[in-house]
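**Q** would you be able to build a 3D model of this:
(one chain, ligands or ions: 1)
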Amino acid sequence: MKQPVILFALLVLCRCAVAQETIKQAPAGFDAIQASIPHGKIDSVMYPSKTVGNDRRMLIYTPPGYSKKKKYPVLYLLHGIGGDEKEWLNGGSPQVILDNLYKDKKVEPMIVVMPNGRAMKDDRAGGNVFEPARVEAFATFEKDLLNDLIPFVEKNYPVLTDREHRAIAGLSMGGGQSLNFGLGNLDKFAWVGGFSSAPNTKAPEVLIPDPAAAKAQLKLLWISCGDKDDLIRFSERTHDYLVQHQVPHIYHIEPGVHDFKVWKNGLYLFSQLIFKPVDLSAW
Ligand code: FER
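**A** Numbers count the residues shown, from 1 in each chain. Model prediction:
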């Protein structure tokens, strides 16, 4: 009679130990510049877009120790409705978060591409960003990304070009884009993350029409949101559908609103999970 009780107690203990290892809130200082460690580099680069009909700007972060002799996986990191290619840099200091993670060897070396997701000739932020034509440009970006931007990156940077070395994630409108484009092109992306995804997120049955295919092909599907975010229902309804159809994913709800505190933590957590084996049992 005693043995099963002891076994059960051991099991509970083990699970707690595993759960404790998964840090779900970035520690203080995760986004503070450390002068004495190696730093990655941010470049501002133009690429020709047939989709939009002009040259478009993106930022590219290459990691500490970057070498053209190596081959890197790529994370495409997308901004929100009020931003442009500089929004992550201005609001989220992704280069600081990643430099600090590299120092602790917590992240696979990768290139991070921060494009402008408003695929139209005048793609500047500001003014009425909710204007229908400007919202529509966030959907048009799927073509720009797949047909213009990714081929440019893969031609000009030392990157791995198979789906298992390509990730897409973003905040709000960029979260919706990441879910729409990532799940809509499983042949191109194995790692997909939506932080506080906006109303542009497709309805679950349109987003994931074939749950078995998603389950078979995705390496990681990440959905996170602040618990006080007015847009939480777009994450919630996606999560509910994924549970119902048994598609493994991480659903991470944390205290917070619709802001960079949540998105920086999203990047901190998501970037550590990609391009390496994922253990969903720890979540
Ligand atoms: C909306 C509310 C919010 C919407 C988009 C957003 C397209 C996007 C917010 C963001 O990117 O921060 O109704 O419609």
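
**Q** so residue 176: helix, strand or coil?
**A** At residue 176 the chain is in helix, as set by DSSP: H, G, I helix; E, B strand; the rest coil.

**Q** that one: neighbour count?
**A** 28 (other C-beta atoms under 10 Å). In this view, the C-beta of every residue, glycine as well, is placed from N, C-alpha and C.

**Q** you'd agree it is up against residue 198?
**A** Yes - judged on C-beta atoms under 8 Å, residue 176 makes contact with residue 198 at a distance of 4.6 Å.

**Q** joint contacts of those two?
**A** Listed as contacting both residue 176 and residue 198 by C-beta atoms under 8 Å, 6 or more residues apart in numbering are residue 234.

**Q** got a list of what the residue nearest the centre of the chain touches?
**A** With distances taken as C-alpha atoms, centre = their mean, residue 169 lies nearest the centre of the chain, 2.2 Å away. Contact analysis of residue 169 by C-beta under 8 Å, 6+ apart lists 75-78, 175, 178, 191-195, 222, 266-267, 270.

**Q** how about residue 210?
**A** If you count contacts by C-beta under 8 Å, 6+ apart, residue 210 has none.

**Q** that older thread, please identify which of the contacts of residue 169 is nearest to the ligand.
**A** residue 175 (7.9 Å; C-beta to the nearest ligand atom).

**Q** the closest one: how many residues sit nearby?
**A** If we define neighbours as other C-beta under 10 Å, then residue 175 has 31 of them.

**Q** one more: residue 48?
**A** 12.

**Q** what is the subsequent helix or strand relative to the helix or strand harbouring it?
**A** Residue 48 is part of strand 41-49, with elements assigned from DSSP states H and E. Toward the C-terminal end, the helix or strand that comes next after strand 41-49 (DSSP H and E) is strand 54-62.

**Q** residue 148 touches residue 54, doesn't it?
**A** No - the pair residue 148 / residue 54 is not scored as a contact, 10.6 Å apart, by C-beta under 8 Å.

**Q** just want to know which of these two has more residues nearby.
**A** For residue 148 versus residue 54, the count of surrounding residues by other C-beta under 10 Å is larger for residue 148: 20 against 13.

**Q** distance of the more buried one from the ligand?
**A** 22 Å (C-beta to the nearest ligand atom, to the nearest Å).

**Q** I'd like to know how many residues surround the closest residue to that residue other than its chain neighbours.
**A** Spatial nearest neighbour of residue 148, chain neighbours left out: residue 49 (4.4 Å); criterion: C-beta to C-beta, 6 or more residues apart in numbering. Residue 49 has 23 neighbouring residues, counting by other C-beta under 10 Å.
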